[in-house]
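need a 3D model of the following:
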Amino acid sequence: MKKIKMTLWFYEECLKDDMWDVGSPLSFQQELEALLPQLALESAEAEQLERRFDELNQRWQQIITAHPRQYRNKLKKTLATELRIIEADLGFLPRLIYEEALHLWVAVETAGHVLDELDRVDGTARYAGERARYETLWRRLEERILELPQDSEVRQTRLATLPPPPPAVTLPDVLSAVRRWTPAERYALGQELEREYLYETVGPAAGQRAVAEEKADYSPGESEAQTMNQPTLQDTIGQGETLTVEFKSDRGPFNDAELLNTVVCMANATGGVLLIGVEDDGTITGLHPTHRTRPELLTAFIASRTVPPLTVEVTFETLAVGGTETPIAVLRIPAGPQTIATSDGRLLVRYLDTHGRPGCRPLYPHELASWRADRGQIDVTARPLPGATWDNLDPLEFARLRRMVEENRGDAALLELSDQEIARALGLVRADDGMLTPTLAGLLLVGREAALQKYVPAHEAAFQVLRGTDVAVNEFRRWPLLRVHEWLIQAIDVRNEEQELMVGAFRVGVPRYDRRGTREAINNALIHRDYGQLGATHIQLHNDHALVTNPGGFVANVHTGNLLVVAPRPRNPLLADVFKRIGLVERTGRGISIIYAGQLQNGRRPPSYDRSTETSVTVTLDSGPADMEFVESVIGASKHLSRALTVPELLVLWEAWTTGHVTVTEVTHLIQRDQSAARDLLRQLQRNELVASFTRGGRRLYRPGPALGGKVGHIGVGPSIESLSRSQMEDQVIAHVRRHGRIQCGEVETLTGQSRDQAYRLLKHLVEQGKLELMGRGRAAHYRPAADALEDDTR
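The predicted structure is shown next:
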């Protein structure tokens, strides 16, 4: 009751004099709407407070009605004046940045005012949350100002007049806020106040843009994303069982032996989460009463029954099921640094059966070497082969090795060495009692074919050409790797047609298979395959794609979601090192980037590893017709930047080019990094005019920019009216006409984001200026460059 009275008093004070124009009555109005229903309706005092609240609401509406223009235009005029003042000082892009900074300035001032009010009312978690929001806005504002040109007086003035930095937020304040609010609630906090304030002061368009930016840039913090709270638990259960997620029913109850088997089998794979109290179909049935004890007891039990002892993090979580709270156990199982067995000797590993369902199976003795190699604990290619001798190595292959070192600019020191010295230097042999014994790497690289079939029966390479269902070429070889490498590269080269592109006076050949990228893909398959697993390394050429497949899945901690950023970890380090010294693979260990760059620079989809399984790795390389317009645009962009585009830049530009636009979230998945890195990359691309941002449906999107040709061709690609000036729209229309020779009204709508009437008026204006001329009528109506304009361009 006391809090309601105090809030009513603040609400009334804000409606006096000129205090209402800061928008603060909205916050008190919303707070009272939440507090008043808690009062007893039969209370006379409660009825009096409600009547007073209704009277204040009526007064608030009267003020808005009586002063609409003042309420709407007060700050709008200030911003417009300031933008006119700096128009001569800043270019188009910096003006957009500065306009965003001004909107953020308003939000910071508003957040600071809310902080002052909440500090007087209470010190609850909401105050801590508003302080965190104030800090976020303040940091974003500072970043926007720092993006302005360094020699700009506006930048120096704004830096000197920044609002006070955010106050320190103590750990208890942060914890109390984070634990009480979901991500959606944190985003919504203060949104209504900001929306009303900005909408009514700077106009609906700018207000909507500011709120959309706030929503587009929101992402949970790293610690929040790593914490499995109730919402993410529900999501995990909804996605079903996977290699890293297992459900176990406890209605039986769940017996100890099965628990230990499951923990051991997941630890011997990649680890994961075991949920006890959840049925296989995802139904939450809860823990058996006998198991609702203390989590640390379960941790101790597992450690005492595994060899070596395995420490598992155990927590009990409560989920709402049918209106009742149901407890389940969450076991977070780490990947074992070495093989883990139960105390009675069971050694199991997680796998997927033929139907794609996860399960546990025995880990057999012959698989232990591959298991350890996947985790970087041993190098099987560095081991000497029992029974093999120096005579099993082929002198002709040593000659091939020297020639390849010279051709590929490898380690020139190898050229001066004898065969035995080369073998010792590269680790191809081991000296034992004066005898030279070939290692697995030595036999694979320079061994005789008969010796390979005897000592390495798993080694085989296949080259196939398939046209539809017909097999045109089907060849298998058991040659040494250097000979296999040359054979495969030559087989692809003779089938590698080129498309021709003229860029100015220069001819650019766009091959069907990028030579460097294809070579890296083949070498990766030969180097990283599991030579303890039967099966050939396959290179298949289809009509519109190529497949490179090798036995053996990804090594530990490498998967399709981190290929671009994970540190190189070869399964066979010695073999990889020899290939590097010969000069066959990228010395920096970034061969994956070469594969990606080769595909994208040639106007084709990036490579896909989606067909890979736990027992094999498959890369799909698009070999269909190239997007020649994209190739030309990439060449122009590289010339514009005076450097080659990086793989992350190419990925973003390709996605924006082919789909029409990208979001920050999509970019995080494309470049396999966090949202901060994605936003930094998009800002850099925007500064270089390779992408342009616009807002649609409350989301910030990025489309191809002027420096990339500003491609149009996808419905719904165009930006909102706020994102381009009239002159920019005209320039984009003219650029499109020069590239494609014509344009229709519907394409202008897509290009500029304007309505059909606005697009028609824009085209009519260009016709009146003599830049375009109208051809045809009705649906066939289109616009092409005017004859005079063409003559001017020719001159």
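
now do Val330 against Leu297, distance only.
Val330 sits at a distance of 15 Å from Leu297 (criterion: Cβ to Cβ, to the nearest Å). Every residue, glycine included, has its C-beta placed from N, CA and C.

out of the two, which sits in the busier spot?
Using other Cβ atoms under 10 Å as the criterion, Val330 and Leu297 rank with Val330 on top: 19 against 10.

quick one: secondary structure of that one?
strand (DSSP: H, G, I helix; E, B strand; the rest coil).

tell me where the model's unsure across the chain.
Scanning the chain for pLDDT under 70 picks out 1-45, 57, 60-231, 587-589, 696-698, 709-725, 750-751, 753-755, 778-780, 787-795.

tell me the domain ranges of it?
2-221, 230-363, 390-626, 675-794 (automatic domain parsing).

bridged to Val278, which residues?
Taking DSSP bridges, one obtains Ile284 as the residues bridged to Val278.

wait, it touches Ser249, no?
Yes - counting by Cβ atoms under 8 Å, Ser249 is a contact partner of Val278 at 7.3 Å.

now do the shared contacts for those two.
Common neighbours of Val278 and Ser249, counting by Cβ atoms under 8 Å, 6 or more residues apart in numbering, are Thr285.

the two - which one has more neighbours?
Taking neighbours as other Cβ under 10 Å, Val278 and Ser249 compare with Val278 leading, 27 against 16.

was I right to think Val264 contacts Gly345?
No - in this structure Val264 lies outside contact range of Gly345 using Cβ under 8 Å: 10.7 Å.

higher neighbour count, those two?
Higher neighbour count among Val264 and Gly345: Val264, with 27 against 7, using other Cβ under 10 Å.

count the neighbours of the closest residue to Asp379 other than its chain neighbours for me.
Residue nearest to Asp379 in three dimensions, not counting chain neighbours: Pro573, with 4.9 Å by Cβ to Cβ, 6 or more residues apart in numbering. Counted with other Cβ under 10 Å, residues neighbouring Pro573 total 19.

how near is Pro573 to Ala441?
Computed with Cβ to Cβ, the distance linking Pro573 and Ala441 is 10 Å.

name the residues contacting each of those two.
Here Pro573 and Ala441 have Thr381, Ala382 as joint contacts, going by Cβ under 8 Å, 6+ apart.

can you list contacts of whichever strand or helix holds Thr318?
Thr318 belongs to strand 313-321 when assigned by DSSP states H and E. Strand 313-321 is contacted by residues 230, 233-234, 284, 286-287, 292, 295-296, 298-299, 325-332 when judged by Cβ under 8 Å, 6+ apart.

now list the buried members of those residues.
Neighbour-count burial (16 or more other Cβ atoms under 10 Å) applied to the contacts of strand 313-321 gives Leu233, Ile284, Gly286, Leu287, Leu298, Thr299, Thr326, Pro327, Ile328, Ala329, Val330, Leu331.

let me have those residues in TSV, extended by distance to His765.
Listed next are the buried ones among the contacts of strand 313-321 as TSV, based on distance: Cβ to Cβ, whole Å:
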residue	distance to His765
Leu233	58
Ile284	63
Gly286	69
Leu287	72
Leu298	75
Thr299	74
Thr326	66
Pro327	69
Ile328	66
Ala329	69
Val330	64
Leu331	68
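
between those residues, which sits nearest Ala786?
Comparing the buried ones among the contacts of strand 313-321 against Ala786 with Cβ to Cβ places Leu233 closest, at 64.5 Å.

can you give me the strands for the stretch 501-650 of the chain?
Per DSSP state E, counting those that start in this stretch, the stretch 501-650 of the chain carries strands over the ranges 506-511, 537-541, 545-551, 616-622.

which one, of those, ends up nearest to Pro706?
Nearest to Pro706 among these is strand 506-511 (21.9 Å), distances taken as Cβ to Cβ.

need the contact list for Ala550.
You called it Ala, but residue 550 is Asn. Residues near Asn550 by Cβ under 8 Å, 6+ apart: Asn524, Ala525, Leu526, His528, Arg529, Asp530, Thr537, His538, Ser616, Val617.

next one: the nearest residue in space to the fifth one that is not next to it in sequence from Asn602, what distance?
Going back to what we said before, that points to Arg529. Nearest non-adjacent residue to Arg529, counting by Cβ to Cβ, 6+ apart: Asn550, 3.8 Å away. Look at Asn550 and Asn602: by Cβ to Cβ, they are 24 Å apart.

Asp757 too?
Distance, Asp757 to Asn602, using Cβ to Cβ: 42 Å.
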